[in-house]
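A.B. asks: from the sequence below, what's the structure:
(one chain, ligands or ions: 2)
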Amino acid sequence: MRSGFVAVAGRPNVGKSTLVNALAGGKVAIVSDKPQTTRRRIFGIVNGDDHQLVLADLPGFQRPRDPLTERMQRTVDRAFDEVDVVLFVLSARERIGAGDRFIAERVFSLGRPVVIALNKVDRLKPGHIAGQMQTAAQLGDFQALHPVSAVTGDGVAELREELVDLLPEGPLYYPADQRTDLSFEDQIAELIREKALQLTRDEVPHAISVEVVEVEEKAVRATVLVETDSQKQIVVGRGGSVVKQVGTLARPEIELLLGRPIYLELHVKTRPKWRRDAAILERLGI
Ligand SMILES: Nc1nc2c(ncn2[C@@H]2O[C@H](COP(=O)(O)OP(=O)(O)OP(=O)(O)O)[C@@H](O)[C@H]2O)c(=O)[nH]1
Ligand SMILES: [Mg+2]
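C.D. replies: Ligands and ions are numbered 1, 2, ... in the order given. Sure thing, here's the model as predicted:
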């Protein structure tokens, strides 16, 4: 039996969570086209006959700007302490530059094998991919470099095999049928937040968080927090249209998770400066 922990590191928005989902073979982490979607460490657990690969999906590396982003970066820093392997994710669609080199300095100094995933290679010209691979190869002394597409699944099976091969012999850390370490409540809150991120833009997504208030047999009640009244207006929408849409998109996924139909009740509330409020951040698991 091989088992162990892999930290998934990289700049915001390079596709870390999408890749964790692809490797885990199902949705573990929420995904959006807005940077800083992932705010806490989430384990995606990949179970095989003779292995258990625990992927730690992490917030993107960033320069902290407030208590929320400070806590997010601390999560990233701490995650490196006890891992067997680092999966360093880059986007083939963007210039590999200073931000990636900054992260490289950190991950290549850990004394652990580093596997580079060059993500988002779908629909890119082979010549462009080859160039990006050459640049990526200069970032440090890597164990392996895999061009992948987390969206189409190209290269994902090979990457999974590579990661499993790097794990030491070890025990099962989680029951073999478990896919994440998040509670149902936290998974539900994340699903609702994902839909709210999808339907908003500019500064609004960063000001949104979700708390599940109650999960009953037939109903789930949750609160969508924002920081200002104008953000609240946007998330509620005209005649409640936006929050209604959030519910419509989130409900089927929550029902799939719980395995039963539910009524989803969402309230949007203004909580000024929650991003600076240690008690709220603690409660949100950040
Ligand atoms: N074309 C393409 N898009 C991708 C791929 N992987 C991820 N994306 C898109 O990239 C965006 C960001 O994906 P995420 O998985 O949320 O990225 P992340 O690195 O986890 O982002 P943070 O949590 O904010 O740090 C989403 O719009 C994804 O659909 C890929 O292989 N190809
Ligand atoms: Mg993410």
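A.B. asks: kindly state the beta-bridge partners for the residue nearest to residue 171 when sequence neighbours are not counted.
C.D. replies: Closest residue in space to residue 171, ignoring its immediate chain neighbours: residue 3 at 6.3 Å, by CB to CB, 6 or more residues apart in numbering. Every C-beta, even on glycine, is put in place using the N, C-alpha and C of the backbone. Legend: beta-bridge partners of residue 3 under DSSP bridges are residue 52.
A.B. asks: show me the contacts for residue 3.
C.D. replies: Contact partners of residue 3, counting by CB atoms under 8 Å, 6 or more residues apart in numbering, are 51, 52, 53, 54, 167, 168, 169, 170, 171, 172, 173.
A.B. asks: what's the nearest residue to the residue in the stretch 51-200 of the chain that ligand 1 sits nearest to if we skip its chain neighbours?
C.D. replies: Going by CB to the nearest ligand atom, ligand 1 is nearest to residue 60 of the stretch 51-200 of the chain, at 3.1 Å. Using CB to CB, 6+ apart and skipping the chain neighbours, the partner closest in space to residue 60 is residue 12 (3.0 Å).
A.B. asks: surely that neighbour and residue 32 touch.
C.D. replies: No. Shown here, residue 12 and residue 32 do not form a contact pair, counting by CB atoms under 8 Å, at 10.7 Å.
A.B. asks: of those two, who's got more company?
C.D. replies: Ranked by neighbour count (other CB atoms under 10 Å), residue 12 and residue 32 place residue 32 first, with 19 against 16.
A.B. asks: next, the residue nearest to that one when sequence neighbours are not counted: phi, psi?
C.D. replies: Excluding its sequence neighbours, the residue lying closest to residue 32 (CB to CB, 6+ apart) is residue 197, at 4.3 Å. Residue 197 adopts backbone torsions of phi -70, psi -40, taken as degrees, to the nearest 10.
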